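1. here is my input, please return the structure:
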Amino acid sequence: MKQRTNRRDVIWNRIVRAGVGVSLLGLIACGGGSGSGGGGTTPAATDESGRTIHTAGGEGVTEEAHNRWTSGMEAFNGYETNGWNEQACGASIASFEAANEAQGGHFAEALYMAGLSADRCHDGEKSRRFYNQALQANQTFCRARVGLGLLDLARGNVAGARGAFQRAIHDDPQCTSGYVNLAIVQRRAGGADNLRQALSNLRRGLAIDSNYLPAFSEMALLYLDQSRTNDREVRQSSLDLAEVVCRQAQLIDRNYAPIYNTWGLAKMRKGDIIEALRLFERAVALDDDMFEAHMNFAEITLSFRGYEDARRSFARAVALRPQSYDAVIGLGAAQRGLEHFDQAKAQYEHAIELDSNRPEAYYNLGVLYHNYMDGTVPMLERAKGYFQQFVEKAGSRRRYAAPLDLVQHHCREERNNRRRRGRRGRRARRRSRRRNACRMGRIQLIDFTIAAMREGEAMQREAEQMQREADAQQQQMEQQQQQGEGGATPEGGAAAPEGGGN
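-> Modelled structure (predicted):
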């Protein structure tokens, strides 16, 4: 199975957000003072040592704001464990809005968490609004700036995302998530210089927080990228480094799901498919919302004809990302393997609705109609039409070279050399056929099959017509015979009536 760079990258839009959320479990406690939040008359919250609890901006947090914050974080973490839905997102947002109101309307951390809650239900506009409000409360608040960058990245605005991450670490040199996400953008851009900068930023992030797990997984992905080389020593060294990083992350937290997905990719690169499958399975067991791990697990099981396991994982992937073309196509392939042909057809047709310019769905529909329908001429003609659409959509792109050859390959008719006679000639013809063995492409095979079927139908009609004519002749002969037996003597004269005349 090929590497899925896009899926491996996209996961960090979610993983880094999750890491940022967890880092907000407690507010910053600063020594001294009895500062108050809001209007300055409300008592400030204190920690166990009696020290005033402050926001990142240095403002004392009121007791009410702190209590609402604490209950909001407990609810947020519960939803992280048990799953999000529209009601959960609304409740979480309301909790953090209440904390912000109790702090006088400028509680950057609470506004950020409201934005993160909106993001969990994929409401990007609402999330962006809360992040901007958090920055109005604290212009150097790293997490809100990173959140805006992640929203830009999800929309494909790479330049905007890069700018946000750079601004985040400029405003706050201790912004670990800013360094890590900037490294992601740099790694995606490719090139030796970008990879060097990405590695440097990951090391800066880990220097600030040596246990920041998203940095470990991103570093492992970077080493995987470096393993794409024809230099066997560099390739092996990079894969080994990727596994070392994964192992270090596992030592920090054995239940950190993303590292198992990354580790599985490294095992795949090494050709250890069984171990990769185990690691992907571990990842989804820890985090059933991990789209990438579901896709990787499903593709391996599909290649082993484990169609039911593949169907379950592809179905979960589709549930997580209904607009994912690859997940929909994969689910169709698993359904076809289970001989659920109507369901497979529906998935392929849905993929065309998602993106009519991608060729994969047309190819799969062609295979479905060619191999798995009733084999009639109309079904074969429909299969040919889908294959022709596949050829049109695929064009000359190298990634589709193999299926294009399977569809388009054309075999010329074999011409016997009549000058070759005798045993030696026959042997020579057999050797020639072996050397020039040709497997028809699907389009030519369909044409050949339809022509043979139509020729067979014509021969059948001709045979039936001949049979009808023979039956008619036989019937006519029988009728004539019956007439002869009833109205003529054996000698051919008229029969004399009984009792003769005079």
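2. low-confidence bits of the protein, can you list those?
-> Under the criterion pLDDT under 70, the flagged ranges of the chain are 1-42, 413-436, 486-502.
3. pull the residues that contact the helix or strand Ala310 falls within.
-> Taking DSSP states H and E as the criterion, Ala310 maps to helix 307-320. With contact meaning C-beta atoms under 8 Å, 6 or more residues apart in numbering, helix 307-320 is reached by 284, 288-289, 291, 294-295, 297-299, 301-302, 324, 327-328, 330-331, 333-335, 337-338. The C-beta positions use only the backbone N, C-alpha and C, and glycine is treated the same way.
4. strands along this protein, start to end?
-> With DSSP state E as the criterion, the chain has strands at 28-29, 53-54.
5. let me know the distance separating the closest residue to Phe280 other than its chain neighbours from Ala266.
-> Leaving aside its chain neighbours, Phe280 sits nearest to Phe297 (4.0 Å; criterion: C-beta to C-beta, 6 or more residues apart in numbering). With distances taken as C-beta to C-beta, to the nearest Å, Phe297 is found 15 Å from Ala266.
6. equivalent analysis for Ile259, please.
-> Distance from Ile259 to Ala266, by C-beta to C-beta: 10 Å.
7. surely the residue nearest to Phe280 meets Leu279?
-> No: if you go by C-beta atoms under 8 Å, Phe297 and Leu279 don't touch, sitting 9.2 Å apart.
8. neighbour count winner among these two?
-> Phe297 (30 against 24; other C-beta atoms under 10 Å).
9. ok, that one - contacts?
-> Contact partners of Phe297, counting by C-beta under 8 Å, 6+ apart, are 277, 280-281, 283-284, 309, 313.
10. by neighbour count, which of those residues wins?
-> Highest neighbour count within those: Phe280, with 29 neighbours (other C-beta under 10 Å).
11. who touches that residue in this structure?
-> So Phe280 contacts 260-261, 264, 293, 296-297, 300 (C-beta under 8 Å, 6+ apart).
12. what of Leu239?
-> Leu239 touches 223-224, 227, 266, 269-270, counting by C-beta under 8 Å, 6+ apart.
13. picking that back up, nearest to Leu354 among the contacts of Phe280?
-> Nearest to Leu354 among these, counting by C-beta to C-beta, is Asn296 at 20.7 Å.
14. how many neighbours does that closest one have?
-> Counted with other C-beta under 10 Å, Asn296 comes out at 29.
15. what sits closest to it if chain neighbours are left out?
-> Nearest residue to Asn296 in three dimensions, chain neighbours excluded: Phe280, at 4.7 Å (C-beta to C-beta, 6+ apart).
16. and the one you found, how far from Pro258?
-> As judged by C-beta to C-beta, Phe280 and Pro258 stand 12 Å apart.
17. try Ala283
-> On the measure of C-beta to C-beta, Ala283 and Pro258 end up 7 Å apart.
18. same deal with Ser92?
-> Separation of Ser92 from Pro258 (C-beta to C-beta): 23 Å.
19. who has more neighbours, the two?
-> Neighbours were counted for Ser92 and for Pro258 using other C-beta under 10 Å; Pro258 has more, 30 against 25.
20. return the member of the contacts of Phe297 nearest to Gly163.
-> Nearest to Gly163 out of the contacts of Phe297 is Ala283 (C-beta to C-beta; 32.1 Å).
21. now do the same contact list for the closest one.
-> Going by C-beta under 8 Å, 6+ apart, Ala283 touches 257-258, 260-261, 264, 290, 293, 297.
22. since we're on Asp272, how many residues are nearby?
-> When neighbours are defined as other C-beta under 10 Å, Asp272 has 14 of them.
23. wait, I meant Tyr348
-> 26.
24. just Leu241 next, same as before
-> Neighbour count of Leu241, defined by other C-beta under 10 Å: 18.
25. how much space separates it from Gly264?
-> According to C-beta to C-beta, Leu241 and Gly264 sit 16 Å apart.
26. what does Gly456 give?
-> The value you get for Gly456 to Gly264, if C-beta to C-beta is used, is 51 Å.
27. now the buried members of the contacts of helix 307-320.
-> Among those, those classed as buried by neighbour count (16 or more other C-beta atoms under 10 Å) are 284, 289, 291, 294-295, 297-299, 301-302, 324, 327-328, 330-331, 333-335, 337.
28. out of the residues you listed, name the ones that lie in helices.
-> 284, 291, 294-295, 297-299, 301-302, 327-328, 330-331, 333-335, 337 (DSSP state H).
29. would you mark the buried spots in stretch 366-381?
-> For stretch 366-381, burial by neighbour count (16+ other C-beta under 10 Å) applies to 366-370, 379-380.
30. closest one to Val61 out of those residues, please.
-> Distances from Val61 to those, taken by C-beta to C-beta, are shortest for Leu368, at 61.3 Å.
31. could you give the backbone dihedrals for Gly105?
-> Phi and psi for Gly105, reported as degrees, to the nearest 10, are phi 90, psi 10.
32. one more: Thr376?
-> When read as degrees, to the nearest 10, the backbone of Thr376 gives phi -80, psi 170.
33. surely Ser227 meets Glu243?
-> No: between Ser227 and Glu243 there is no contact under C-beta under 8 Å: 10.8 Å.
34. what's near enough to touch the closest residue to Arg228 other than its chain neighbours?
-> Distances taken as C-beta to C-beta, 6+ apart place Arg235 nearest to Arg228, at 7.8 Å, with adjacent residues excluded. Contacts of Arg235 were listed using C-beta under 8 Å, 6+ apart, and they are 227-229.
35. now restrict those residues to buried residues only.
-> Ser227.
36. output the contacts of Arg235 as JSON lines; include the columns distance to Lys393.
-> Putting the contacts of Arg235 into JSON lines (distance: C-beta to C-beta, whole Å) gives the following:
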{"residue": "Ser227", "distance to Lys393": "32"}
{"residue": "Arg228", "distance to Lys393": "27"}
{"residue": "Thr229", "distance to Lys393": "32"}
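37. pick the one among the contacts of Arg235 closest to Asp152.
-> Lowest distance from Asp152 to those (C-beta to C-beta) belongs to Arg228, with 27.0 Å.
38. could you pick out the longest helix of the protein?
-> helix 442-487.
39. distance check, the closest residue to Ala249 other than its chain neighbours against Glu455.
-> Nearest residue to Ala249, sequence neighbours excluded (C-beta to C-beta, 6+ apart): Phe216, at 3.8 Å. Distance of Phe216 to Glu455, computed by C-beta to C-beta: 66 Å.
40. if you count surrounding residues, which of those two has more?
-> Phe216 (27 against 10).
41. that one against Pro258, yeah?
-> No: in this structure Phe216 lies outside contact range of Pro258 using C-beta under 8 Å: 9.1 Å.
42. phi first, then psi, for Val373.
-> To be clear, residue 373 is Met; Val isn't right here. Taking degrees, to the nearest 10, you get phi -90, psi -160 for the backbone angles of Met373.
43. same check, this time on Asp209
-> Phi and psi for Asp209, reported as degrees, to the nearest 10, are phi -140, psi 100.
44. so it makes contact with Ser177?
-> No: using C-beta under 8 Å, Asp209 is not in contact with Ser177, being 9.3 Å away.
45. mind checking which of those two has more residues around it?
-> Taking other C-beta under 10 Å, Asp209 and Ser177 do not tie; Ser177 has more neighbours (28 against 17).
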